[in-house]
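Asker: Only the shape, not the letters, is given here:
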């Protein structure tokens, strides 16, 4: 599996999302399921059951489909494009959730200094790996890949502006 290409922050975000699924009783996740997936992501030789294999495949698919911001990409173009794309996102069904906070963070900090923007983008991109965030996106009647799509559109704009 390609999950061994994840850096520590990406692994942490993924694992946090898995335990979020347990905490909010989503998709049949149990503590044992989360622990098995965590151990697998951490590189331990774990025998996974069918549900666990399914979620590993989902995580791997998400990871492989995300375009990651690079140091030579135009940060301001990325954040401005992402903000415009998120403006129409209807998150009324998840007010007060992590997803709501994530969107507000982008929308309210477009004019922040580069250091703060880098942290915001890092957090946003890591949250793209969070299964709990993906579930909240679905709660808003969007595809669980919708934020990844918006991210990738913003990355494309940032790369074109180099």
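Answerer: The structure has been received and is ready for your questions. Quick caveat: nothing in here was measured; it's all calculated off a predicted structure.
Asker: For the residue minimising distance to the centre of the chain, list the residues it contacts.
Answerer: In the chain, the residue lying closest to the centroid (CA atoms, centre = their mean) is residue 128, at 1.0 Å. Listed by CB atoms under 8 Å, 6 or more residues apart in numbering, the contact set of residue 128 reads 62, 66, 147, 148, 151. Using the backbone N, CA and C atoms, a C-beta is placed for each residue, glycine as well.
Asker: name the helices or strands packed onto the strand or helix carrying the fourth one?
Answerer: So the one you mean is residue 148. Secondary structure assignment for residue 148, by DSSP states H and E: helix 146-160. Packed against helix 146-160 by the contact rule (3 or more CB pairs under 8 Å, 6 or more residues apart in numbering; DSSP states H and E) you find helix 50-65, helix 75-87, helix 114-127, helix 131-139.
Asker: which residues touch the helix or strand following the second one?
Answerer: Read that as helix 75-87. Once helix 75-87 ends, the next helix or strand along the chain (criterion: DSSP H and E) is helix 98-108. Applying CB under 8 Å, 6+ apart, the contact partners of helix 98-108 are 20, 79, 82-83, 86-87, 89, 91, 94, 120, 123-124, 127, 130, 132-133, 136-137, 140.
Asker: Take the helices and strands packed on helix 146-160 and write them to TSV, including distance to residue 103 and mean neighbour count.
Answerer: Below are the helices and strands packed on helix 146-160 laid out as TSV (distance: least, CB to CB, whole Å; neighbours: other CB atoms under 10 Å):
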stretch	distance to residue 103	mean neighbour count
helix 50-65	18	15
helix 75-87	5	18
helix 114-127	9	16
helix 131-139	10	21
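Asker: Which one, of those helices, ends up nearest to residue 38?
Answerer: Across the helices and strands packed on helix 146-160, residue 38 has its closest neighbour in helix 50-65 (10.5 Å, CB to CB).
Asker: Quick one: residues in contact with that closest one.
Answerer: The contact list for helix 50-65 (CB under 8 Å, 6+ apart) reads 1-3, 5-6, 10, 14, 18, 27-28, 33, 36-37, 40-41, 48, 128-129, 131, 134, 145, 148, 152.
Asker: cool, stretch 12-23 as well?
Answerer: Identification of contacts with stretch 12-23 by CB under 8 Å, 6+ apart yields 3, 6, 26-27, 29-31, 33-34, 37-38, 41, 55, 59, 63, 98, 126-127, 129-135.
Asker: need the contact list for residue 36.
Answerer: Residues near residue 36 by CB under 8 Å, 6+ apart: 46, 48, 49, 52.
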